[in-house]
Structures are given as structure tokens and as C-alpha cells.
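Chemist: A predicted structure for the sequence below; I have some questions about it.
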Amino acid sequence: MRTQQLQISHLTVQLMEHPEVWSPLSAVEMLSFLVEHGILKALDQQQVLDFGTGSGIVGIVCGLLGATSVTLSDYSAIAAQVAAANARQNGLTNVMGVQSDRFQQIPPTPYDLVISNPPVQPWLFTNLDQPDNRTQVAAWNEAGADGRLVLDALLTTAMQFLGPGGRLITSSSSRHGHRQTLNLLDTYWPQRWRQIYAAQHAILPDYHGPYIQIWQHLQALDGDLRIYQLDERDRRFAPQTDAAGNPIVITELSLSGPPQPTILRLLPSGDWAAESPQGDRLTILSAQDDRLPGKATSEHWYYEYYLFEAWREG
Ligand SMILES: C[S@@+](CC[C@H](N)C(=O)[O-])C[C@H]1O[C@@H](n2cnc3c(N)ncnc32)[C@H](O)[C@@H]1O
């Protein structure tokens, strides 16, 4: 089996690669930021749960930062095994791999830190009749019809697995539907969460390609831009078609008050009807109206990647 070496700030991690286990991608960006900004540091005396561990990279970095114990959990039994083996390969001893669909089999230890880089892809390659028997990495990385299954479990349930003062650190993406993420943070962690990072990335056609249409379909339903293009004023918008094949543009417009999710429909006159995602007509805009997004500056589509920290009262 091939071994890869990754550098996370001052830490070097060796990982055995397995064809059925997710190979780190965004985890390097996530962990480098957390370590370099001191959000992950000296974890002595801390019990850590790495949720959706894949290769183990996130939990291993926590172990190298001194965590007392690291639980590496994944729905995929192979990933849980590979992650634990990788952790030992990196000199960690108090580690445990646990196969678990979300929190179902997670030991109820009160953790000091639950940390995750959850999946975001909606179901496409998963055989829904046998979701426990996936072999393709891409299928293991799918999380429900809207891609939110694992992130929602974290936001709604991680608190119950934290000891007093314990923290949840998770990534999320506009591809998850950001408004719902913020709603759940406000509901389950009121006044006890902060966004610590945001970065825009280009959608990679080779990698995200099969999912683009599903994200477009989802954003036509709720107006929450998951993937978008940019105009010369950096305004975000998604030119696509609705379910009936008619051209629409999904964006945010300030019509009266703060920017709000808006779906623009091209009228036979060449004007645009601005509608709320619920289908209410807001106004009609002429094709020259400056509030309409301009031409895309490039062919690229983008998404935003976020990191959040939330905590339980001490
Ligand atoms: C984006 S990968 C992240 C892997 C690793 N933490 C990293 O950052 O490289 C998401 C992981 O979540 C796992 N996963 C998917 N659905 C899950 C579920 N329902 N419960 C637990 N883990 C799940 C996948 O098997 C995959 O290893």
C-alpha cells in the first residue's frame, strides 16, 4: 500500500492510502488553519472524537498535539480500521477506531473536542438498498439526499457527547446550504458558536462534476446558493434552468432592505421577474437594471468553505 506524507504546519503525518478510504483534500487546509492560528494547540488531558475520520488525518493531528485519547469514527468499517492503523503508524497509542453511522455507535465518553470535516456530496453513487455495503470512496462520501446528513448530526447531537466546556470544530460548505447551517448553529448552540474561517474555491469539474446538477436543483428549491459564478463586482449568481427547463438566475438582491435570496425569471419582454424562493413576485427588473448581476468574469463555478467552532458551557 502506498504511503503519503503530509505537512500540517510543523507536524508531519504519514498516511497509508487505501483505495476504499477518503484521501485528505480539504483536511490539509482545515488543519493548517487551526494549528497555525492556535485554535488547535496543546490538547493534553483532552479526549478527542474525530467524526467521519477517513484516513484518520484530523484525529492524528490532534494526537500529535498531545490529546490523551483519540476516537476515530467512520460509517465505513475499513476507514475506521485504516485510520486506527495510521494513528499507530504515527506513534499514537491511545487510539480507537469505531465503525458508526453518525453517532449511533459512538461511546458516550464526554469528549473535550469533537472535530470533523464532514462529507457534502448528496446521494448519487450510493446504493440506497445497501448503504452499509459501499465500496467506492465516492459513495462513502455521500451524505443524504441533500448532502447534510453528517453535518446535521454534528450540529444537532455533538453537544450531547461533550463534557462541560467541550468544543465542536467542524467545517461546512456553501454546498451544504449555508442558511440551514447557520439556523442549526443558532438553534442548538445559541450564542456559543463562531465562524473562524471562510475561503472561496473553484468547483473542480473532474471531481465535483456529477454533483453540480443536484446542487443546482437544491438551490432552485430554497434560493440558498450552494455553487455560483462571479461578476466583475464579485456578485454571486447561478445561471441555470428550473425543473421545467426554463432559464433562471439564482442570486441575492437588495430590493428593499438587506440582500435576500432571489430567483430571476426571464420574461418574453426581455425583462426579469424577481421572485422569492417561495414563488412570490417581488418586482420586475429591466435588462439594464444595475441590480442584476453582470456577466460572469470566467467560466468557473465556486463554492465557499467554512470552519466553525461551537462550545458547551463550562
Ligand atoms: C470528506 S471525508 C473526510 C475524511 C477525513 N476526515 C478528511 O478530512 O480527510 C468524510 C468521511 O465521512 C465518512 N462518512 C460518510 N457518511 C458517514 C456517516 N453517516 N457517519 C459517519 N461517517 C460518515 C466517509 O466515509 C468519509 O470518510
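Modeler: Thanks, I have the structure now. Residues are numbered from 1 along each chain as shown.
Chemist: domains for the chain, by residue range?
Modeler: As assigned by automatic domain parsing, the chain contains the domains 3-208+302-311, 211-285.
Chemist: out of those, deepest packed?
Modeler: domain 3-208+302-311 (a mean of 19; mean count of other C-beta atoms under 10 Å). Any C-beta I mention is one placed from the backbone N, CA and C, and that applies to glycine too.
Chemist: mean confidence for that domain?
Modeler: The average pLDDT within domain 3-208+302-311 is 96.
Chemist: you'd agree residue 252 is up against residue 262?
Modeler: Yes. Shown here, residue 252 and residue 262 form a contact pair, counting by C-beta atoms under 8 Å, at 6.3 Å.
Chemist: that older thread, which one of the domains of the chain lies nearest to residue 293?
Modeler: Closest of these to residue 293 is domain 211-285, at 3.9 Å (criterion: C-beta to C-beta).
Chemist: would you mind measuring the gap between the ends of the closest one?
Modeler: For domain 211-285, the first-to-last residue distance is 31 Å (C-alpha to C-alpha, to the nearest Å).
Chemist: with distance to the ligand added, can I get the domains of the chain in JSON lines?
Modeler: Formatted as JSON lines, these follow (distance: least, C-beta to the nearest ligand atom, whole Å):
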{"stretch": "domain 3-208+302-311", "distance to the ligand": "3"}
{"stretch": "domain 211-285", "distance to the ligand": "13"}
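Chemist: which of the ones you listed sits closest to residue 296?
Modeler: Across the domains of the chain, closest to residue 296 is domain 211-285 (C-beta to C-beta), at 4.1 Å.
Chemist: please enumerate the strands of the stretch 1-150 of the chain.
Modeler: 3-8, 11-16, 47-51, 69-74, 95-99, 111-116 (DSSP state E, counting those that start in this stretch).
Chemist: assign the residue nearest to residue 287 when sequence neighbours are not counted to helix, strand or coil.
Modeler: Counting by C-beta to C-beta, 6 or more residues apart in numbering, the nearest residue to residue 287 once its immediate chain neighbours are dropped is residue 270, at 5.1 Å. Classification of residue 270 using DSSP: H, G, I helix; E, B strand; the rest coil returns coil.
Chemist: next one: residue 179
Modeler: In the three-state summary, residue 179 is assigned as helix, counting by three-state DSSP.
Chemist: one step back: if I look at the residue nearest to residue 287, how far off is residue 229?
Modeler: Noted for residue 270: a distance of 21 Å to residue 229, by C-beta to C-beta, to the nearest Å.
Chemist: now swap in residue 184 and tell me
Modeler: Separation of residue 184 from residue 229 (C-beta to C-beta) stands at 27 Å.
Chemist: for residue 255, same thing?
Modeler: From residue 255 over to residue 229 the distance is 21 Å, taken as C-beta to C-beta.
Chemist: would you mind finding the longest strand in this protein?
Modeler: In the chain, with assignment by DSSP state E, the single longest strand is strand 162-173.
Chemist: and that strand, what other elements does it pack with?
Modeler: Applying 3 or more C-beta pairs under 8 Å, 6 or more residues apart in numbering; DSSP states H and E, one finds that strand 162-173 makes contact with helix 26-36, strand 111-116, helix 149-157, strand 302-311.
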